[in-house]
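> Could you look at this predicted model? Sequence included:
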Amino acid sequence: MVKFISWIFKSKAEIKVAVSILFILFIAVNTFPQTSPEVIKMEQPKEQSPLLGKRICIDPGHGGSETGAVGVNGLNEKDVNLKVCKMLKEMLEKEGAIVSMTREDDKSVNLKERWEFNKSHNSDLFVSIHHNANSQIDRTANRTEVFYHWHDRMGPSEDAAYLVYRELQAAFKLPNSKPYMCWSYGVLRENMYPAILGEASYMSNLQAEERLRDKNHLRDEAAAYFRGIKAFFEGGKPEIELNKEIDISTKRNFQAKIVQPKDSALIDPQRFRAELDGEPLQSIYYQPTSGLLVGLLPKEGVNGKHTITASAHNLAGHNSFVKRVEIDFDKPYQTTESFETKIKRKVVGMSSSKEQTTPIPYAKIFGAEIFDFLTTTDENGNAELYITSPQHSEPFFISANGYWSKEENLSKSEDISLQPMFRNVLNNKLIVVDAEGGGDYPVAIGPKGLRASDANLETALYLADYLKLCGANPQMTRKIDMSMDNVSRIRFGLEHNTDIFLTIGHRLPEAGMGEKPGTNVSRVGFRWGDSKEIGQSIIFNLRQMLGTGKELGDVTSRQPLPSEMHDWSSWEIMHGSQNYNCLYVCPQMFDAPGVEDRISTTAGCRKEALAILYGLINFYGLNDQKMALIDGVVLNSKTKTPLKDALIWLDNTLITQTEPDGKFLFKFLEPGKHTLLVMCKDYMTTKKELELKEGEQVNPKLELEISQN
């Protein structure tokens with residue numbers, strides 16, 4: 001309401017105008033219905049696009065005298081490429097991206113000019129858009145291909161290629177489509193990364209050519225590229241900074257800092273890489289609170305030139321740039337005998353009965369006051385620590401596979417004892433983890449373009465890491481997206497003399513087995529009777545962790561529900577002559593509602609892996625009904641709403657990650673004190689101490705406060 005108006009009048013005419021205005025205002029105020037200030041709805045500000053300010057270089061392939069592919073009815077590839085690129089440019093700019101194009105009209109641009117143009121613009125992403133042709137003049141060929149260069153394998157270019165592929169596949173569903181790692185494409189090879197080249201379809205296919213004349217189809221293609229590019233920038237990417245101040249060749253010590261930029265999701269503590277000549281470093285330690293990554297290189301038997309490779313991964317599933325360092329081990333290892341402060345400690349493991357101890361070889365001792373931060377015990381569990389500060393004021397962290405980590409003050413001159421994880425039931429168990437599919441065999445493709453083979457690999461990688469942490473000896477048939485036939489997989493199992501051969505596969509229902517489509521259920525196939533008991537343990541834990549099986553019956557039953565387990569004849573043929581236990585585990589049916597979205601995330605795949613781990617622990621002798629359990633939830637302290645993508649460490653050792661419901665579950669726990677450490681993006685790190693009784697179930701609510709940084 002207008003309460004007071006102040007005017008200064010200079011004439012009678014102005015007074016008349018003012019009176020007229022006041023009269024109109026009076027009529028309006030007293031005639032039209034009033035709106036109380038309390039019910040006025042303010043439009044909420046739109047969430048800032050991840051594309052805002054990102055520099056994206058779009059490269060319309062060919063141009064000018066270089067027509068590119070020519071369709072059966074004369075359509076030129078260069079013209080189609082340019083149209084799609086212009087549409088894509090418009091979409092990206094609407095969300096705040098800074099877009100440059102190597103050509104904006106029909107002109108010739110050579111390869112060198114294209115990559116130099118991209119480098120001069122210091123782009124955050126380079127996207128070259130093409131439409132392919134079959135060199136054998138096979139007019140039936142038509143598929144989607146997205147290429148990235150091998151030098152950025154397991155780097156941001158590979159991430160971008162897979163994300164763009166998924167959107168193109170979801171849009172057009174062309175068979176035999178996939179992302180490709182390439183060696184020779186000059187526009188990628190000589191470029192700065194990340195850089196990809198897309199071939200959405202084949203110009204040489206008559207039906208594809210006709211669709212490429214349709215503006216609506218071209219806009220759909222541009223929109224698919226747009227969604228893939230946007231997904232690439234959502235969640236950001238981690239950064240890894242190598243410590244260049246130390247002489248790696250003489251210290252035999254590798255150090256790096258894994259950095260989480262403001263736009264990046266949390267660093268994934270289970271998915272960093274540190275390799276020497278392609279093989280993982282045997283002694284490596286990552287401290288999540290500081291981001292410090294330290295690895296020890298061999299002190300003997302290493303001469304000449306070698307390559308150290310390092311990269312990091314975040315919870316959005318995105319990789320850092322791959323860092324490579326060429327090292328010439330032409331000098332002998334430099335010992336640290338000159339340090340005045342040297343202490344000796346022995347690391348031992350308690351037996352499950354806690355009555356005797358065993359020396360732990362190659363246990364890791366990490367601390368800010370240790371020279372070069374990290375050292376390991378010898379084969380007898382003994383360690384010599386060169387200390388930079390005689391006060392020993394900082395805590396030290398001691399860890400070894402198969403044991404719970406421990407935070408210790410080394411001022412005490414006594415043995416360091418570690419408690420066994422899960423009573424060592426998995427210790428030295430040799431388990432082959434086999435991710436079904438890969439390469440040219442996707443197993444199944446979801447409506448949103450996810451290949452089941454890719455989700456299989458993610459879950460398998462997490463499971464292998466969990467098994468190694470718990471003292472088992474996991475071996476993977478494949479660690480990357482690659483083709484592998486069944487004969488090669490069986491040979492792999494035979495060569496490793498495995499205890500269990502466990503295949504992970506997200507599959508579609510089979511009508512011949514009476515499986516109803518769209519059912520949210522976990523399933524296990526086993527070879528004859530020898531693996532049935534393992535399968536029963538795994539099925540129950542999958543059901544408990546993932547919430548599957550509600551359509552089948554009583555989900556609390558320890559026995560398999562109808563259709564959860566199968567004695568597969570095909571599996572018998574493949575593994576029938578072998579002596580090991582063999583299982584095919586489908587954590588969730590691929591066509592069930594919401595499953596494609598769920599296993600597109602690190603949280604979903606990590607939870608599947610943890611459920612399978614619990615099933616194996618159960619099979620090898622631990623009864624969760626007689627042991628303590630933590631069934632908790634992570635919440636926003638102010639709104640009390642659940643938080644997704646929170647990382648929870650149990651006793652600085654076992655890691656889990658929350659999904660949108662904020663829930664987490666730790667099982668098979670001994671009575672006594674336990675510590676939960678919780679990290680979540682934009683929230684303050686929180687630690688909680690719990691005292692558990694034998695067989696007790698606790699349900700903590702971990703409330704996190706928003707960080708002020």
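Ah, there it is.

> Give the residue spans of the stretch 551-700 of the chain that score low on pLDDT.
569-574, 577 (pLDDT under 70).

> what's the answer for the stretch 201-350 of the chain, then?
In the stretch 201-350 of the chain, residues with pLDDT under 70: 335-340.

> can you give me the helices for it?
206-211, 215-233, 248-251 (DSSP state H, counting those that start in this stretch).

> before we move on, what about the stretch 601-709 of the chain?
Under DSSP H, counting those that start in this stretch, the stretch 601-709 of the chain gives helices at 602-619.

> Tell me where it has strands.
Secondary structure of the stretch 601-709 of the chain (DSSP state E, counting those that start in this stretch): strands at 628-636, 647-650, 654-657, 663-669, 672-679, 686-692, 697-698, 701-704.

> Starting from the last one, tell me which strands it pairs with and how they run.
Just to be clear, that refers to strand 701-704. strand 628-636 (parallel) (DSSP bridges).

> for the third one, same thing?
For strand 654-657, the paired strands and their directions (DSSP bridges) are strand 647-650 (antiparallel).

> Just send the helices of the stretch 201-350 of the chain back as a markdown table, with distance to G493 too.
Every residue, glycine included, has its C-beta placed from N, CA and C. Formatted as a markdown table, the helices of the stretch 201-350 of the chain follow (distance: least, C-beta to C-beta, whole Å):
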| stretch | distance to G493 |
| --- | --- |
| helix 206-211 | 42 |
| helix 215-233 | 36 |
| helix 248-251 | 37 |
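
> closest one to G535 among those helices?
When those are compared by C-beta to C-beta, helix 215-233 sits nearest G535, at 35.7 Å.

> Name the residues that touch that closest one?
The contact list for helix 215-233, computed with C-beta atoms under 8 Å, 6 or more residues apart in numbering, reads 49-51, 54, 56, 80, 83-85, 87-88, 91-92, 95, 124-125, 127, 129, 156, 159-160, 163-168, 170-172, 194, 198, 200, 211-212, 263, 318.

> Could you tell me which of those residues belong to helices?
80, 83-85, 87-88, 91-92, 156, 159-160, 163-168, 170-172, 211 (DSSP state H).

> related to what we said a few turns ago, I617: which of the strands of the stretch 601-709 of the chain is closest?
Of the strands of the stretch 601-709 of the chain, nearest to I617 by C-beta to C-beta is strand 663-669, at 5.6 Å.

> Does anything pack onto that closest one? Which helices or strands?
On a contact count with 3 or more C-beta pairs under 8 Å, 6 or more residues apart in numbering; DSSP states H and E, strand 663-669 meets helix 602-619, strand 628-636, strand 647-650, strand 654-657.

> So which bits of the second one are buried?
Residues of strand 628-636 classed as buried under the neighbour-count rule (16 or more other C-beta atoms under 10 Å) are A628, L629, I630, G632, V633, V634, L635, N636.

> And the contacts of it?
641-643, 646, 648, 650, 658, 661-671, 674, 676, 678, 680, 683, 690, 692-704, 706.

> Swap in 6 Å and give it another go.
With contact meaning C-beta atoms under 6 Å, 6 or more residues apart in numbering, strand 628-636 is reached by 642-643, 646, 658, 662-667, 669, 692, 696-703.

> Go ahead and flag the most central residue of this protein.
G317 (2.9 Å; C-alpha atoms, centre = their mean).

> related to what we said a few turns ago, distance to Y620 for the strands of the stretch 601-709 of the chain - can I get that in JSON lines?
Converted to JSON lines, these look like this (distance: least, C-beta to C-beta, whole Å):
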{"stretch": "strand 628-636", "distance to Y620": "18"}
{"stretch": "strand 647-650", "distance to Y620": "19"}
{"stretch": "strand 654-657", "distance to Y620": "17"}
{"stretch": "strand 663-669", "distance to Y620": "11"}
{"stretch": "strand 672-679", "distance to Y620": "22"}
{"stretch": "strand 686-692", "distance to Y620": "22"}
{"stretch": "strand 697-698", "distance to Y620": "22"}
{"stretch": "strand 701-704", "distance to Y620": "30"}
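
> do you know which of those lies nearest I534?
Nearest of these (C-beta to C-beta): strand 663-669, 16.1 Å.

> ok, that closest one: who's next to it in the sheet?
strand 628-636 (antiparallel).

> May I see the ChimeraX selection of the buried members of the contacts of helix 215-233?
Applying 16+ other C-beta under 10 Å to those, the buried members can be selected in ChimeraX as follows:
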select :49,50,51,54,56,80,83,84,85,87,88,91,92,95,124,125,127,129,156,159,160,163,164,165,166,167,168,170,171,172,194,198,200,211,212,318
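
> any idea which of the helices and strands packed on strand 663-669 is most buried?
The highest average neighbour count among the helices and strands packed on strand 663-669, using mean count of other C-beta atoms under 10 Å, belongs to helix 602-619 at a mean of 25.

> Ignoring the adjacent residues along the chain, who's closest to the residue nearest to the centre of the chain?
Nearest non-adjacent residue to G317, counting by C-beta to C-beta, 6 or more residues apart in numbering: T602, 5.5 Å away.

> Pretty sure that neighbour sits against N314.
No: applying C-beta atoms under 6 Å, one finds T602 not in contact with N314, separated by 8.3 Å.

> what about N652, how many neighbours?
Other residues near N652 come to 18 when the count uses other C-beta atoms under 10 Å.

> Hmm, it is touching Y403, no?
No: contact between N652 and Y403 fails when scored by C-beta under 6 Å: they sit 11.3 Å apart.

> Confirm F492 sits in a helix?
Yes: under DSSP: H, G, I helix; E, B strand; the rest coil, F492 falls within a helix.

> Please name the residues that touch the nearest residue to it once chain neighbours are set aside.
Nearest non-adjacent residue to F492, counting by C-beta to C-beta, 6+ apart: T477, 5.1 Å away. Shown in contact with T477 (C-beta under 6 Å, 6+ apart): D434, R489, F492.

> could you redo the last one with a cut-off of 10 Å?
Neighbouring residues of T477 by C-beta atoms under 10 Å, 6 or more residues apart in numbering: 432-436, 438, 460, 484, 488-493, 496, 501, 503.

> if we can go back for a sec, do you know which of the strands of the stretch 601-709 of the chain lies nearest A611?
Closest approach to A611 among the strands of the stretch 601-709 of the chain (C-beta to C-beta): strand 663-669, 8.8 Å.

> what angle separates the closest one from helix 602-619?
Compare the direction of strand 663-669 with that of helix 602-619 by axes from the mean of the first three to the mean of the last three C-alpha atoms, to 10 degrees and you get 20 degrees.

> how far off strand 686-692 does strand 663-669 point, in degrees?
40 degrees.

> Figure out how far strand 663-669 is from the centre of its chain.
22 Å (C-alpha atoms, centre = their mean, to the nearest Å).
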